[in-house]
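Asks: Here is the input, now give the coordinates:
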Amino acid sequence: MSIFREKLSAMKTFLLPVDFSENTLTTCKHAIYLAGQEKTRLFLFHIYPDQIIVPDSSFPIGIDNDAFFNVEFIETLRKQAEENMVKLNADVLDLIKTMGYANMEVSHLVTGGDPEWEIREICKKINPDLIVMGTEGEGKKGFLEGSMAESIMTRVKIPVVAVPGSFKKDRIQQIMYATNFSNMDIASINNVFNLFEKIEIIVHVVHFQFDEKSGKNSVLLGELEQAFKKRMGKITFNLIQASDKKDVLDIFTQKYQIDMIAFLSHKRNFFQNLFAHKISKKDFFKLELPMLALHEGV
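Replies: All right, here's what the predicted structure looks like:
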């Protein structure tokens, strides 16, 4: 059976780029939980480096020898990755059973190449509903790091969840949706509910006002609230006057016990126009909470 088979409409597909680090299984656990009891295929995907690096040496004999050595090394990486993936696949199946989920299947693929490029290409082939990836955070080295998560968030048109390795909660229920009143907000918030329709979530829509006291923002938030009258009890709306971005983010996330931050990722810039440029991606990464990037037109 081909792993690239046409996706069944009744089954969602979650793409999980993995690096076999100590946090990999935890990321898989979060993906299983986010799927709930919905029929879901977890697609485990690992990319190993396959570039042959030839040191500066005599030509042509030196190049041949060094290239041969590197080819052997890359083959070793491939075999090790295949072995790690088989074990991870089995561990994820065991985890699904332990967590009491019955409507899931697991596929996997190991390939060589550039991680960002390969993730974009696999998305074209399997058309996932969601990408769930672990991240070690900005500044740390590795296949999956904060900068990689940011890049994937801006370059694919698929919702992306980035889970920091430091995040230890078992469940994700309280979701903050950061808005700057885009005309895509209604579709994006509905997308959050649709993605996680099999788990109990509450979405906290918030706009932080920095150095501005605009009655227009109150009107816009009211209009957004009217669009979700049928979801009352599952969604809140908040207009917060703020002066210090760090304090207001900490206070809000602690007050509502936020487990995930969702936002609309713009095409040109990761946080283009978000809160009048007062809050950047770094401020959100520092919270060490899972982040869900949604996309215009999705």
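Asks: mind listing what the residue most central in space within the chain touches?
Replies: In the chain, the residue lying closest to the centroid (Cα atoms, centre = their mean) is Val161, at 2.0 Å. Contacts for Val161 (Cβ atoms under 8 Å, 6 or more residues apart in numbering) come out as His30, Ala31, Leu34, Leu130, Ile131, Val132, Met133, Met260, Pro290, Met291, Leu292. In this view, the C-beta of every residue, glycine as well, is placed from N, C-alpha and C.
Asks: The same query, at a cut-off of 10 Å, please.
Replies: Val161 is in contact with 14, 16, 27, 30-31, 34, 130-134, 149, 153, 172, 195-196, 260, 262, 290-293, counting by Cβ atoms under 10 Å, 6 or more residues apart in numbering.
Asks: Can you tell me the closest non-neighbouring residue to it?
Replies: Val132 (4.7 Å; Cβ to Cβ, 6 or more residues apart in numbering).
Asks: quick one, phi psi at the one you found?
Replies: Main-chain dihedrals, Val132, degrees, to the nearest 10: phi -120, psi 120.
Asks: Can you check the pLDDT for it?
Replies: According to the prediction, Val132 has pLDDT 96.
Asks: And the strands in the stretch 151-298 of the chain?
Replies: 160-164, 174-178, 202-210, 235-242, 260-265, 291-295 (DSSP state E, counting those that start in this stretch).
Asks: Where does the prediction get shaky in the stretch 101-250 of the chain?
Replies: 137-146, 211-214 (pLDDT under 70).
Asks: Run through the helices of this structure in chain order.
Replies: Applying DSSP state H to the chain gives helices spanning 24-35, 61-99, 115-126, 146-155, 185-195, 215-226, 245-255, 281-285.
Asks: deepest of those, which one?
Replies: helix 24-35 (a mean of 22; mean count of other Cβ atoms under 10 Å).
Asks: got the angle for it vs helix 61-99?
Replies: Angle, helix 24-35 to helix 61-99, by axes from the mean of the first three to the mean of the last three Cα atoms, to 10 degrees: 50 degrees.
Asks: tell me the mean pLDDT over helix 24-35?
Replies: 94.
Asks: Run the chain-centre distance for that helix.
Replies: 11 Å (Cα atoms, centre = their mean, to the nearest Å).
Asks: do the same with stretch 166-185
Replies: For stretch 166-185, the distance to the chain centre is 12 Å (Cα atoms, centre = their mean).
Asks: Could you tell me the end-to-end distance of that stretch?
Replies: By Cα to Cα, to the nearest Å, the extent of stretch 166-185 from end to end equals 29 Å.
Asks: Can you list the buried residues in that stretch?
Replies: Under the neighbour-count criterion of 16 or more other Cβ atoms under 10 Å, stretch 166-185 has Phe167, Ile172, Gln174, Ile175, Met176, Tyr177, Ala178, Thr179, Asn180, Met184, Asp185 buried.
Asks: out of these, what pair is the most spread apart?
Replies: Phe167 and Met184 (26.8 Å; Cβ to Cβ).
Asks: Distance check, Asp94 against Leu130.
Replies: Distance of Asp94 to Leu130, given as Cβ to Cβ, to the nearest Å: 22 Å.
Asks: Would you agree Ile126 is in contact with Leu42?
Replies: No: taking contacts as Cβ atoms under 10 Å, Ile126 lies outside contact range of Leu42: 11.3 Å.
Asks: Mind listing the shared neighbours of these two?
Replies: In contact with both Ile126 and Leu42: Thr13, Leu15, Ser107, using Cβ under 10 Å, 6+ apart.
Asks: Is it possible to mark the buried ones in those residues?
Replies: Thr13, Leu15, Ser107.
Asks: which residues does the first one bridge with?
Replies: So the one you mean is Thr13. Arg41 (DSSP bridges).
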